[in-house]
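Novice: Everything below, folded, please.
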Amino acid sequence: MFEKITARDLADRQDSGADDYVLIDTRPEDSYGSWRVTGAEHLPFGPAETLNDDQQERVEQLADGDEILTICGKGATSTRLASELDANGFENVAVVTGGMREWNELYETADVDTDDDDLLLVQFQRRAKGCLSYLVGSKTTGEAVVVDPTRHTDQYITTAAEHGMEITRVLDTHIHADHLSGGRDLAARLDVPYHLGEQATERDLDYEFEPLDDGETLSVGDIDIEALAAPGHTTEMVAYRVGDTAVLTGDSLFLDSVGRTELEFGEEGAEKGARMQYETLHETLLELSDELTVLPGHVTVENDGTYANAVPGDLVGAPLGEVHDRLDLADLDEEAFVERMVENVPEKPDNYETVIAINRGVETVDSATEATTLETGANNCAA
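Specialist: Numbering: from 1, shown residues only. Got it, this is the predicted structure:
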């Protein structure tokens, strides 16, 4: 009989460097090609299919005596393949329960090193999508804020409690296009203020929030969190400078790129967004201290599941000076920058229009299953 393992078990094996297994992905070609677990081999297999000689030979070649793990979208076809392999004499077979849907909900955390003894700064990494969110707290007063929470809100409450802190505010950097924000839900659950940048008042949002003006400062203990207007990816985008330690850049600046500009503005307005992005980059973000640690809203996850410029579980962050040095977009003049942004448009995030509508409050999601389906796929928010 084949075994079952969890997505967390698979992640732990990946992180340990284990090479005594082969992972076989049974999803259709387009699903596999657009987004998969690192190292997964492809063998499409249907829910009513039986193992033929060619498929059996293919599996034997891939496994070469190692353990066989199977994965699919949510566990159906991968379980079918595991059953067929078991029935055909393959030993040491296991299925990843919940498939890519469970993989999509794995998180890691990383602490940010800081010279401020009072500051706690924790980065949450959504492993498969590359979404990054943050807990910023004062060890002295026990106050904390959460920035860009995803819909899996328990982890923020639990982590704050583990550090003896109480979440007093929830902040989003912008209206997200690739995943469902947990900001409003977390704030309502804790009965605390929910904040967006002041320009969000122009986005026709169907809920109340407390807007933050450019330069406005919130505090946890003696730690100042300054809102910096950073339009480009969206009109209401803000970055949050945390004392003299870090800047949480949302989707305005990543470690390897900047935010794309047509998801809100459309193809016809992408140039307008690109000019905003250029101004934000050169007149706001790159004017900050080179010593500030850039903590972005996403890490790029390649189609094969690997992180760009990072490793799952390790901090996704770098000094602003280093980010500037390796960002070729920063060396372009405005016209060349705009041309690059407008002409080199990557594939859009899956279901982005529906995700934006939900995050604006004008549409709703009826179940966790529907939310998971909407969020499936890579984030694709970088230019």
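Novice: What's the end-to-end length of stretch 108-115?
Specialist: Counting by C-alpha to C-alpha, to the nearest Å, you get 23 Å between the two ends of stretch 108-115.
Novice: ugh, typo on my part, it should be stretch 17-36
Specialist: By C-alpha to C-alpha, the extent of stretch 17-36 from end to end equals 18 Å.
Novice: so how far is the host helix or strand of L196 off the chain centroid?
Specialist: Here L196, judged by DSSP states H and E, is contained in strand 194-197. Relative to the mean C-alpha coordinate of its chain, strand 194-197 is positioned 19 Å out (C-alpha atoms, centre = their mean, to the nearest Å).
Novice: try stretch 230-250
Specialist: 16 Å.
Novice: rewinding a little: please save the CA atoms from the strand holding L196 in PDB.
Specialist: Taking Å, rounded to 0.1, in the frame of the first residue of the first chain, the C-alpha atoms of strand 194-197 are listed here in PDB:
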ATOM      1  CA  TYR A 194      -6.900  48.900   9.400                       C
ATOM      2  CA  HIS A 195      -4.800  51.200   7.300                       C
ATOM      3  CA  LEU A 196      -4.100  51.900   3.600                       C
ATOM      4  CA  GLY A 197      -2.400  54.800   1.900                       C
END
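Novice: any idea which helix or strand comes after it?
Specialist: Downstream of strand 194-197, the first helix or strand assigned by DSSP H and E is strand 210-212.
Novice: coming back round to it: output the contacting helices and strands for the strand holding L196.
Specialist: Contacts defined by 3 or more C-beta pairs under 8 Å, 6 or more residues apart in numbering; DSSP states H and E place strand 194-197 against strand 166-171, helix 183-190, strand 210-212, strand 223-229. Heads up, the C-betas are built off the backbone N, CA and C, glycines and all.
Novice: Let's see that with 10 Å instead.
Specialist: Using 3 or more C-beta pairs under 10 Å, 6 or more residues apart in numbering; DSSP states H and E as the contact test, the elements touching strand 194-197 are strand 166-171, helix 183-190, strand 210-212, strand 223-229, strand 238-242.
Novice: which of those is buried the deepest?
Specialist: strand 238-242 (a mean of 26; mean count of other C-beta atoms under 10 Å).
Novice: Just give me the residue closest to the centre of the chain.
Specialist: Geometric centre of the chain, nearest residue: C131, 1.3 Å, by C-alpha atoms, centre = their mean.
Novice: Tell me what it is bridged to.
Specialist: Counting by DSSP bridges, C131 forms beta bridges with R126, H298.
Novice: who touches it in this structure?
Specialist: 107, 124-125, 148-150, 176, 178-179, 181, 297-299, 301, 375, 379, 381 (C-beta atoms under 10 Å, 6 or more residues apart in numbering).
Novice: Name only those of the residues you listed that count as buried.
Specialist: Neighbour-count burial (16 or more other C-beta atoms under 10 Å) applied to the contacts of C131 gives 107, 124-125, 148-150, 176, 178-179, 181, 297-299, 301, 375, 379, 381.
Novice: Surely G232 is in a helix?
Specialist: No - read with DSSP: H, G, I helix; E, B strand; the rest coil, G232 is coil and lies in no helix.
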